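1. Below is the sequence, then the predicted model.
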Amino acid sequence: MSFDYILSVLKPMLEGAQVTILLFLIAIVISIPFGFLLTLASRSNIRMISWMAQGYIYIMRGTPLLLQLLFICFGLPMLPVVGEYLVLDRFVAACLGFILNYAAYFAEIFRGGLLSIDKGQYEASQVLGMNRWQTLTRIIIPQMFRVALPAVANESVTLVKDTALLYAVAVPELLHFAQTAVNRDFTILPFFLAAIIYLLMTLILSLFFKFLERRFKFE
C-alpha cells in the first residue's frame, strides 16, 4: 500500500475521530456531575427519591448501552402520541444515550468513594461548625475524588472505546469510515489505522489521568 493511499484513508477517518472526540467530551463533562447527583439522590433520606435513583442506576447498568442507543434513536419516535415529538438528530440521540448510561456507572463509582470516607470526617466537620454544604464541598468531595479517580479513569477509557457503537446508529464516526474503506478497497489496513487512532486517544487520556493522580498525590 502506498503512502498516498494511507493519507487518502486517514483523512476521512480523522474527520470521524473528531466526532468521536466530541461525543466523548460532551458525555464525560455532563455524565460525571450527573452521576454525582445520582449518588446524592440514591443516599437521600427521602425514600421515593432514593428508590427512583437506585432504580435508574439499576436499569441503566443492567441493560446494554447498544440497546439504549437503539431505543433512543429508533424506539422513542415509535411511542404513541408523543413519538413524533421525540425524533432526535442521531448525534444528539447518541450523546443522550451515552450521558444517561455513563452517569449510572459514575454514580456507582462515587458511591464507593463516599463509602470509603470514615464517618469521623462528618463528625469532625460538625464539631468545627461546618454546615452540610461546607462539609460536602470542603471535606467529602475532595477525598471522594481522590479515591474514585482511578475508577473514573478506567471508565473514561472505556467510554472512548464505546464510542464505536455510534456505527450501529448510523453516526459517521471513526469506525464507520474505517469499515467503509475496508469494504471499498478489500484491505484490512484501515482497521489497523483505526486501532492506532483509538490507542493514541486512550494513551493521551491515560496520561492525563496519571497527571491528575500525581497532582492529587494519589500515588
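-> Received it, and whenever you're ready, just let me know what you need. Here the structure is a predicted model, which is why all the values come from computation and not from measurement. Residues are numbered from 1 along each chain as shown.
2. from the chain's centre, how far out does the longest helix along the chain sit?
-> Looking across the chain with DSSP state H, the single longest helix is helix 3-42. The chain centre lies 9 Å from the centre of helix 3-42; the measure is CA atoms, centre = their mean, to the nearest Å.
3. So which elements touch the helix or strand following that helix?
-> On the C-terminal side of helix 3-42, the nearest following helix or strand under DSSP states H and E is helix 47-62. Counting contacts by 3 or more CB pairs under 8 Å, 6 or more residues apart in numbering; DSSP states H and E, helix 47-62 is packed against helix 3-42, helix 90-115. From N, CA and C alone the C-beta is placed, and that goes for glycine too.
4. Which one, of the ones you listed, ends up nearest to S206?
-> Among the helices and strands packed on helix 47-62, the nearest to S206 by CB to CB is helix 3-42 (13.6 Å).
5. Next, count neighbours for F110.
-> When neighbours are counted by other CB atoms under 10 Å, F110 registers 26.
6. and it, what does it touch?
-> Residues counted as contacts of F110 (CB atoms under 8 Å, 6 or more residues apart in numbering) are G35, F36, T39, M144, A148.
7. gap between the fourth one and F110?
-> What it means is M144. For M144, the distance to F110 (CB to CB, to the nearest Å) stands at 6 Å.
8. what's in contact with whichever strand or helix holds V157?
-> According to DSSP H and E, V157 maps onto helix 141-162. Applying CB under 8 Å, 6+ apart, the contact partners of helix 141-162 are 20, 24, 27-28, 32, 65, 98, 102, 105-106, 109-110, 112-114, 116-117, 121, 198, 201-202, 205-206, 209, 212-213, 216, 218.
9. ok, now which residue in this protein is the farthest from the centroid?
-> V127 (37.8 Å; CA atoms, centre = their mean).
10. give me phi/psi at that one?
-> Main-chain dihedrals, V127, degrees, to the nearest 10: phi -60, psi -40.
11. Tell me the predicted confidence for it.
-> Looking at V127, its pLDDT stands at 72.
12. Next one: it relative to Q121, how far apart?
-> For V127, the distance to Q121 - CB to CB - is 11 Å.
13. List the buried residues in stretch 172-187.
-> The neighbour-count check on stretch 172-187 (16 or more other CB atoms under 10 Å) flags P172, E173, L174, L175, H176, F177, A178, T180, A181, V182 as buried.
14. Okay, and which of those map to strands?
-> Using DSSP state E, no member of these falls in strands.
15. how about the nearest residue to S44, chain neighbours excluded?
-> Distances taken as CB to CB, 6 or more residues apart in numbering put S50 closest to S44, at 4.8 Å, once the chain neighbours are dropped.
16. how far away is that neighbour from Y122?
-> Going from S50 to Y122 by CB to CB gives 18 Å.
17. What lies in contact with stretch 42-54?
-> Taking CB under 8 Å, 6+ apart as the rule, stretch 42-54 contacts L38, A41, I57, A107, R111, L114.
18. Redo the buried residues of stretch 172-187 as a markdown table? Include distance to T158 and pLDDT.
-> Formatted as a markdown table, those follow (distance: CB to CB, whole Å; pLDDT from 0 to 100):
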| residue | distance to T158 | pLDDT |
| --- | --- | --- |
| P172 | 22 | 85 |
| E173 | 16 | 88 |
| L174 | 16 | 90 |
| L175 | 16 | 89 |
| H176 | 20 | 89 |
| F177 | 22 | 90 |
| A178 | 20 | 91 |
| T180 | 25 | 90 |
| A181 | 26 | 90 |
| V182 | 24 | 91 |
